[in-house]
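> Return a 3D structure for these sequence lines:
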Amino acid sequence: MSAGSAGPGESALRGVEAVVLVGGRGTRLRPLTLSAPKPMLPTAGVPFLTHVLSRLRAAGITHVVLGTSYQAEVFAEYFGDGAALGMELEYVVEQEPLDTAGAIRNVADRLREQDVVVFNGDILSGVDLHGLVHTHRHHSADATLHLVKVDDPRRFGCVPTDADGRVTAFLEKTDDPPVDQVNAGCYVFRRPVIESIPPGRPVSVERETFPGLLASGARLQGHVDASYWLDLGTPAAFVRGSADLVRGAAPSEALPARPGEALVLDRAEVSSEASVTGGSTIGADCVIEAGAAVTGSTLFARAHVEADAVVERSVLGAGARVGKGAVVRGGVIGDGAVIGAECELLDGARVWPGVELPPSGVRFSHDC
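Numbering: from 1, shown residues only. I've put the predicted structure just below:
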């Protein structure tokens, strides 16, 4: 979400507010999301949502409504009314799952402006907000979708557009997709369109709202760009996104330090004989002992990596411990879990909070 602008200018965002949907349970990121909602997981030193909000503020959007559900109180406890960010934040709790469009409709009574930018709260994006809103207004669209081109669109629903960028269809996942551009999870709606979504029941934005708008003759516009984009819904993507933020490959206004190979937070102890690289984040009060190598990983507060251990492309929860000479590659270690000396965790292995794997030299490739 670029704070800069090429062409449309800062004035393009006058009369714009934002909705950020943060109600998901983040099941694909368990066990990390057992203790915190996905948008509140530490990501490059701060809760992921901080990166989203700070870039909205930098782009000139100050009124934001958060659509919450799972552990809803955590958001208000951390961000309050938004004054510390120079914003006005409001919270609307989703009492039962309403799907994407239903969640957007659920916050309609808090909206004030004619144009509303909507974000999925687990997307790390570099979309130029000024350009997105300019596209929306230039074409007098009812709704505008941020679209990105991907190498393998078979994993997504495709969104074809005509020569003028107008959306022509919404296609389900297929083995032979006709286009390589997909829905990036960021939209601009005219507020009356939001108010027309049926209230009080689950509504899918892709399967019901957008196809219904097309059928009615409404103008749906696509805004395609080549900006950074990543869905942080899986552990591998979460680790990659955090590392990209630390190294400056992904945009953020909230990084606690200058971009570099590592972000080491307050009171962390990193031995001069340890290696910390690849955009790793070492949380507050962590300990990295001599001979340890941490690469492209995210360590929450108080994690401990003992001597000669290797941690690659992994997440260590708060207070987790990796024993001497152990190897963790592509793993997710829950809060307070202990990996015994000489153990090896292979890609995809998850260790649940509080579990202790004894020193053994055994390889684990499954949940523990």
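
> what ranges do the strands span in the stretch 1-150 of the chain?
With DSSP state E, counting those that start in this stretch as the criterion, the stretch 1-150 of the chain has strands at 16-21, 42-43, 46-47, 63-68, 88-93, 115-120, 123-125, 143-149.

> So, low pLDDT: which residues of the stretch 1-150 of the chain?
For the stretch 1-150 of the chain, the stretches flagged by pLDDT under 70 are 1-12, 26.

> So which residues of it form helices?
For the stretch 1-150 of the chain, helices defined by DSSP state H, counting those that start in this stretch occupy the ranges 48-58, 73-79, 99-106, 129-138.

> Same list, these, but as a markdown table with mean neighbour count and distance to Val322 please.
Backbone N, C-alpha and C define where each C-beta goes, glycine included. A markdown table is the format used below for these (neighbours: other CB atoms under 10 Å; distance: least, CB to CB, whole Å):
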| stretch | mean neighbour count | distance to Val322 |
| --- | --- | --- |
| helix 48-58 | 23 | 24 |
| helix 73-79 | 16 | 27 |
| helix 99-106 | 24 | 38 |
| helix 129-138 | 23 | 40 |
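
> Now do the contacts for Pro37.
By CB atoms under 8 Å, 6 or more residues apart in numbering, the contact list for Pro37 reads Val22, Gly24, Arg25, Gly26, Thr68, Tyr70, Gln71, Val74, Phe75.

> Could you dump the strands of the stretch 1-150 of the chain into JSON lines and include mean neighbour count and distance to Glu269?
Below are the strands of the stretch 1-150 of the chain laid out as JSON lines (neighbours: other CB under 10 Å; distance: least, CB to CB, whole Å):
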{"stretch": "strand 16-21", "mean neighbour count": "25", "distance to Glu269": "35"}
{"stretch": "strand 42-43", "mean neighbour count": "25", "distance to Glu269": "18"}
{"stretch": "strand 46-47", "mean neighbour count": "20", "distance to Glu269": "21"}
{"stretch": "strand 63-68", "mean neighbour count": "24", "distance to Glu269": "36"}
{"stretch": "strand 88-93", "mean neighbour count": "17", "distance to Glu269": "35"}
{"stretch": "strand 115-120", "mean neighbour count": "24", "distance to Glu269": "37"}
{"stretch": "strand 123-125", "mean neighbour count": "24", "distance to Glu269": "29"}
{"stretch": "strand 143-149", "mean neighbour count": "25", "distance to Glu269": "40"}
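
> which residue is nearest the centroid of this protein?
The residue lying closest to the centre of the chain (CA atoms, centre = their mean) is Asp122, at 2.8 Å.

> Looks like that one contacts Pro39 (just checking).
Yes - in this structure, Asp122 is within contact of Pro39 by CB atoms under 8 Å, at 6.5 Å.
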